[in-house]
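Peer 1: Build me a model from this:
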Amino acid sequence: MLFKVGDRVVHPQHGVGSVAKLEIREFVAGTTRPYYEVALPQTTLWVPLGLPTSGLRKLALKSELNRCRELLKAPAAPLSEDPRIRQAELTAHLKQGTFEAQCEVVRDLTAYGWQKPLTWGLTDFLKIIFDVLCQEWAVVEGIPVWQAAQEIGELLEQSRQNNHSTD
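Peer 2: Here you go, the predicted structure:
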């Protein structure tokens with residue numbers, strides 16, 4: 001996916017920012033390549049151009065929020081009991097690079113945490129994904145991040161109720 005200077009973008013670990021410029025950089029001696037300079041609220045991120053694994057994507061559209069509201073309320077998908085398989089599946093799902101996949105990972109991992117305590121690694125993973133989701137939701141809706149977090153939390157609670165009603 002190609003971005004233009006000024007495009008609002010989302011990085012799965014770092015959140016919402018904007019493309020400040022495209023520049024040829026040499027981060028590894030003898031190897032130059034084009035990078036996006038992404039301006040984030042507290043840092044600058046250099047993302048290699050054209051690598052699908054970078055996770056960088058355009059900001060979600062407002063029309064996508066309603067679909068994601070339904071996803072967050074829906075019963076969670078079961079996750080593997082094997083920690084390595086579970087982590088690999090969640091990471092692979094996020095690599096789809098969509099707003100929907102991010103919502104599904106937050107929903108499924110949150111629901112898993114209701115059943116069993118999350119490891120420190122999974123707790124941190126969920127916090128990062130949840131925080132980025134809240135940032136993006138807030139920007140798209142034009143609301144404060146705390147309000148986005150509150151709405152997402154309420155939707156997840158509806159998912160919890162939906163899961164219990166089907167048991």
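
Peer 1: buried residues in stretch 35-48?
Peer 2: Of the residues in stretch 35-48, 35, 36, 37, 38, 40, 45, 47 count as buried by neighbour count, 16 or more other Cβ atoms under 10 Å. For the C-beta atoms, the positions are set from N, CA and C on the backbone; glycine is no exception.

Peer 1: One more: stretch 98-105?
Peer 2: Neighbour counts using 16+ other Cβ under 10 Å place 99, 101, 102, 103, 104, 105 of stretch 98-105 among the buried residues.

Peer 1: Touching it from outside, list them.
Peer 2: Residues outside stretch 98-105 that contact it (Cβ atoms under 8 Å, 6 or more residues apart in numbering) are 10, 12, 57, 60, 64, 67-68, 71-72, 77, 90, 93-94, 129, 132-133, 136.

Peer 1: These in strands, which ones?
Peer 2: 10, 57 (DSSP state E).

Peer 1: Would you state the helices of this structure in chain order?
Peer 2: Secondary structure of the chain (DSSP state H): helices at 62-73, 83-94, 99-115, 120-141, 145-165.

Peer 1: Between the ones you listed, which one is closest to residue 6.
Peer 2: With distances scored as Cβ to Cβ, the stretch of the helices of the chain nearest to residue 6 is helix 120-141 (14.4 Å).

Peer 1: Give me the contacts around that closest one.
Peer 2: Contacts of helix 120-141 (Cβ under 8 Å, 6+ apart): 8, 10-16, 59-62, 64-65, 86-87, 90, 94, 99, 102-103, 105-106, 109-110, 113, 118, 143-145, 147-149, 151-152.

Peer 1: If you count neighbours, what's buried in that helix?
Peer 2: Buried residues in helix 120-141, counted by 16+ other Cβ under 10 Å: 122, 125-126, 129-130, 132-140.

Peer 1: of these, closest to residue 26?
Peer 2: Nearest to residue 26 among these is residue 132, at 29.0 Å by Cβ to Cβ.

Peer 1: what's the distance between the closest one and residue 21?
Peer 2: For residue 132, the distance to residue 21 equals 23 Å [Cβ to Cβ, to the nearest Å].

Peer 1: okay, and for this protein, where does confidence drop off?
Peer 2: Residues of the chain that meet the criterion pLDDT under 70 lie in 1, 52-53, 163-167.
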